[in-house]
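> give me the fold of what follows.
(one chain, ligands or ions: 2)
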Amino acid sequence: MSFAVETAAETTPAVIVAIDGPSGTGKSSTSKAVAAQLGLSYLDTGAQYRAITCWMVENGIDVADPAAVAAAAAKPEIVSGTDPAAPAITVDGRDVAQAIRTPEVTSKVSAVSAVPEVRSLITGLQRSIAASAAGGIVVEGRDIGTTVLPGADLKIFLTASPEARAARRSGELKGSDVQATREALIKRDTADSSRKTSPLAKADDAVEVDTTELTLQQVIECVVTLVEEKRAAK
Ligand SMILES: Nc1ncnc2c1ncn2[C@@H]1O[C@H](COP(=O)(O)OP(=O)(O)O)[C@@H](O)[C@H]1O
Ligand SMILES: Nc1ccn([C@@H]2O[C@H](COP(=O)(O)OP(=O)(O)O)[C@@H](O)[C@H]2O)c(=O)n1
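Ligands and ions are numbered 1, 2, ... in the order given. So this is what the prediction gives:
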């Protein structure tokens, strides 16, 4: 007599979820919660672009010079953890979870992420992480549904009014001016949406969710329901 040992990965089809949208729409909070609730891996692709930007700044590369950024792009080794309960990011073995969130990195990341050589390297990294997530993964960013994982099982595009997004971000950055936050956020969205290579865009087959009037919990529940429907249909 033989017994088959069933693992969670065998009983539940692996699902690939892409969550895109502009800054402050709730991508990170939603993706982490959905992944944790459904036992999926999680990848914050914005953290990877922030990490390479942080390395460029620390190594004196002029981020306004795309040729200089391109020439240095392959030098840092960026490693992302995929546990939604403890997302980790290192550059050359150093934990940069805090260093990638400084105002300087935030103001420079769009210039670095617009460089095609940077995108091609980071996209390759993202695809290999998604391919090795046996139980499925939630990947969040700007071009996941359009470019990185166009074959994802479920694509979500989160939106929210600039006012709501600025208020959410100011709430995080204690004492910050909502108006200044709103302007910085719109400037970054414009740069991310207008770059030539893989701009921030909604995939034709993405489900758009306007989170302006929704609580975070409502958004999480909505996405969990959509993922469960996809899993059931697989
Ligand atoms: N629907 C929502 N309502 C209120 N606050 C939210 C909502 N979604 C996210 N937030 C809050 O807004 C901030 C930005 O969310 P985050 O998930 O980091 O957005 P993104 O990854 O899209 O930039 C966080 O403080 C988060 O708790
Ligand atoms: N898939 C992605 C994810 C992020 N990015 C870039 O990385 C920046 C930081 O992303 P993020 O997700 O940390 O941004 P916020 O959470 O601060 O909105 C974006 O403004 C983009 O320039 C990108 O180009 N493509």
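> for the chain, which residues are neighbours of ligand 1?
21, 23-29, 168, 171-172, 211, 214-216, 219 (CB under 6 Å from any ligand atom). Bear in mind the C-beta positions are built from the backbone N, C-alpha and C, glycine included.
> now the buried members of those residues.
Neighbour-count burial (16 or more other CB atoms under 10 Å) applied to the residues of the chain next to ligand 1 gives 21, 23, 24, 25, 26, 27, 28, 168, 211, 214, 219.
> taking the residues you listed, tell me the two that lie furthest apart.
Spatial extent of those (CB to CB) is set by the pair 23 and 214 at 17.1 Å.
> where does this structure have low pLDDT?
Within the chain, the ranges that satisfy pLDDT under 70 run 1-11, 173, 175.
> which stretches of it form strands?
Assigned by DSSP state E, the chain shows strands spanning 15-20, 41-44, 78-80, 89-91, 94-95, 136-141, 154-159, 207-210.
> the second one packs against which elements?
Packed against strand 41-44, as judged by 3 or more CB pairs under 8 Å, 6 or more residues apart in numbering; DSSP states H and E, are the following elements: helix 27-38, helix 116-131, strand 136-141.
> at 10 Å instead, please
helix 27-38, strand 78-80, helix 116-131, strand 136-141 (3 or more CB pairs under 10 Å, 6 or more residues apart in numbering; DSSP states H and E).
> so what sits opposite the closest residue to residue 222 other than its chain neighbours in the bridge?
Leaving aside its sequence neighbours, residue 222 sits nearest to residue 209 (CB to CB, 6 or more residues apart in numbering; 6.1 Å). Going by DSSP bridges, residue 209 is paired in beta bridges with residue 158.
> ok, residue 209 - how many residues close by?
21 (other CB atoms under 10 Å).
> that one contacts residue 19, correct?
Yes. Using CB atoms under 10 Å as the test, residue 209 is close enough to residue 19 to be in contact (9.4 Å).
> and the closest residue to residue 29 other than its chain neighbours, what does it touch?
Take residue 29 and drop its neighbours on the chain: the residue closest to it by CB to CB, 6+ apart is residue 216, 5.6 Å away. For residue 216, the contacting residues are 26, 29, 30, 33, 168, by CB atoms under 10 Å, 6 or more residues apart in numbering.
> check these one by one and keep those near ligand 2.
Applying CB under 6 Å from any ligand atom to the contacts of residue 216, none is adjacent to ligand 2.
> could I get those residues in CSV, plus columns for distance to residue 95?
What follows is these, written out as CSV (distance: CB to CB, whole Å):
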residue, distance to residue 95
26, 25
29, 21
30, 24
33, 23
168, 26
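> those residues: which two are farthest apart?
33 and 168 (15.3 Å).
> put the alpha carbons of stretch 77-93 into CSV.
Written as CSV, here are the backbone C-alpha positions of stretch 77-93 (Å, rounded to 0.1, in the frame of the first residue of the first chain):
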residue,chain,number,x,y,z
GLU,A,77,23.3,42.8,-5.4
ILE,A,78,19.7,43.3,-4.4
VAL,A,79,18.0,40.5,-2.4
SER,A,80,14.3,40.6,-1.5
GLY,A,81,12.6,38.5,1.2
THR,A,82,9.1,37.3,0.3
ASP,A,83,7.5,36.7,3.7
PRO,A,84,4.5,39.1,4.0
ALA,A,85,4.9,39.2,7.8
ALA,A,86,8.5,40.4,7.5
PRO,A,87,9.4,41.9,4.1
ALA,A,88,13.1,42.2,3.9
ILE,A,89,15.4,44.0,1.4
THR,A,90,19.2,43.9,1.4
VAL,A,91,21.9,45.5,-0.9
ASP,A,92,25.2,43.7,-0.9
GLY,A,93,24.1,41.9,2.2
